[in-house]
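Asker: dropping the sequence and predicted coords here.
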Amino acid sequence: MILMDKQAFKYDIVPYTRGRGVQVLSLECPKLYNHFVGVDDEHAHLFASRVMDFVVAYDVDELDAGEWFRIIKDNGYLVLCQKVDAMLQSKHCAVRVDEQYDDFHYQVFQRTNGTQQATRKPAKTACVIRYGGFGDMIQTSSILPRLKDQGYHVTINTDPAGYEIIQHDPHVDEFLLQDKDQVPNEELGAYWQHLAAKYDKIVNLSESIEGSLLALPGRISYLWPHDLRHERLNVNYLEFTHKLAGVPMPPMQCFYPTKDEKQWAQKQRKKIDASIVIVWVLSGSSVHKAWPYLDAIIARLMLLHDRRSIKVVFVGDGLCQMLEAGWENEPRVIQKSGKWSIRQTLAFCELADIVVGPETGVLNAAGQLPVAKIVCLSHSSVENLSKHWVNCISLEPEGCPCWPCHQMHYGFDPCPKDEKTGVALCQARISVEQMWSAITKHLERRQ
């Protein structure tokens, strides 16, 4: 296998070699990725049937190919570097790839109940590359309808976390999935260059926000003076994303729940049985994404409103259950942190009356919805984050010299901590009065 073909093959097989699998080693093709288990070609009989997600083999005959296919799980893949026509006769085998490189034939077979053949390449293709958190994927969703308007067949290259959020977006035609660190960081540049040659348009959003508009530790911009960071990085995230994609504004960010998820959300809303339902996102993924005066606001709401007028739903991950402590015996506070999945939370937000929280994926997903919103800003400004959000009150820290820092923080070094509350200074400087005023305004608008 010549070097160019070997590298192309290595990057082509990424979506078919996720999970646990083996590579049949040979002199012509040594082990391609660290997560592959290298085996000799005569050892297929040592494996039980249907135990591997994939097998990669360079030089096997038709009999051996069938034996390696035996150990693949349902929906798993057999990746071959040669043409093996006998595989086509299997009723449990679908051809996903059947291509000729200069120096060898490349085939991918999937264990299925059908015999679907490899699809033809669409006429006009675009690939959007984005790995990252929930909010990152929601921001990415904004450009997808615009790409479809331009006539592109849209592929999303993402990881399982990103796929969870965007999997039902109707503007995505195909997913190119890879596991976290499946392609080593030092090879991502070459991998992306390989992808660029396969599509008519590449939109690479890697570090488009973090790294570009939110300075990363270890980068020069992280140490810039605060005023200079604000001058250069105070750019709207959605506008910048649209410019990178070469598509027009306005933004169209959206989460797309399934029919079942919508029905589930409707049942939950009916079960809660309140005139006003407030969804409160307790925390985000960083130390500066937790507001410390929650109990004061909840207590005031409970005292001023009767039992059927207002209820509050706490949401977040499992760690947020610690922030729910003390409200276990209050029936108007519904504790769902770690109990509702992220998709369930996002689906329910469409039926809420007010959504409150820090800079998180949940608030991003609600950004273009008519539901009232209150966001506690931390490392971003209104210009960065909520400029284009609908029906939103953005709470800015008062008397906080480091806000907005335009930095990514993974701990309290160098993010200043408020010693009295134990949270980030920017969150401690958003007062109870600010939050109460915002909630009151939204409630008054509903009357």
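Answerer: The structure has been received and is ready for your questions.
Asker: and the residue of the chain most remote from its centre, how far from residue 432?
Answerer: Distance to the chain centre peaks in the chain at residue 63, reaching 41.5 Å (criterion: C-alpha atoms, centre = their mean). Plainly put, residue 63 is 74 Å away from residue 432 if you go by C-beta to C-beta, to the nearest Å. (C-beta placed from N, C-alpha, C; glycine too.)
Asker: quick check: next helix or strand after the helix or strand harbouring the residue farthest from the centre of the chain?
Answerer: According to DSSP states H and E, residue 63 maps onto helix 62-70. Counting by DSSP H and E, the next helix or strand C-terminal to helix 62-70 is strand 72-80.
Asker: ok, the helix or strand following that following strand: who's next to it in the sheet?
Answerer: Downstream of strand 72-80, the next assigned helix or strand under DSSP H and E is strand 93-100. Strand 93-100 has these partner strands in its sheet, going by DSSP bridges: strand 105-111 (antiparallel).
Asker: what angle sits between the strand it pairs with and strand 72-80?
Answerer: Calculated by axes from the mean of the first three to the mean of the last three C-alpha atoms, to 10 degrees, strand 105-111 forms an angle of 170 degrees with strand 72-80.
Asker: report the angle between strand 105-111 and helix 62-70.
Answerer: Using the same axes, to 10 degrees: strand 105-111 against helix 62-70 is 40 degrees.
Asker: quick one: contacts of strand 105-111?
Answerer: The contact list for strand 105-111, computed with C-beta atoms under 8 Å, 6 or more residues apart in numbering, reads 9, 12-13, 16, 50, 69, 72-84, 87, 90, 92-100.
Asker: what's the answer for stretch 266-275, then?
Answerer: 277, 308, 309, 310, 311, 313, 332, 334, 348, 351.
Asker: most neighbours among these, which one is it?
Answerer: Ranked by the number of neighbours (other C-beta atoms under 10 Å), these place residue 348 first, at 26 neighbours.
Asker: report pLDDT for that one.
Answerer: Predicted confidence (pLDDT) for residue 348: 98.
Asker: need the contact partners of the helix or strand hosting it.
Answerer: Following DSSP H and E, one finds residue 348 within helix 342-349. Residues from elsewhere that reach helix 342-349 (C-beta under 8 Å, 6+ apart): 134, 164-165, 255, 257, 261-262, 264-265, 268-269, 279, 313, 315, 336, 340, 355, 361-362, 365-366, 369, 371.
Asker: run the last query once more with 7 Å
Answerer: Here helix 342-349 makes contact (C-beta atoms under 7 Å, 6 or more residues apart in numbering) with 134, 164, 255, 257, 261-262, 264-265, 268, 279, 315, 355, 362, 365-366, 371.
Asker: go on, stretch 185-199?
Answerer: Contacts for stretch 185-199 (C-beta under 7 Å, 6+ apart): 8, 11, 125, 126, 127, 129, 157, 183, 202, 204.
Asker: quick one: residues contacting the last one.
Answerer: Pointing back at residue 204 there. Per C-beta under 7 Å, 6+ apart, neighbours of residue 204: 129, 192.
Asker: same check, this time on the fifth one
Answerer: When the contact criterion is C-beta under 7 Å, 6+ apart, the partners of residue 127 are 155, 157, 176, 195, 199, 202.
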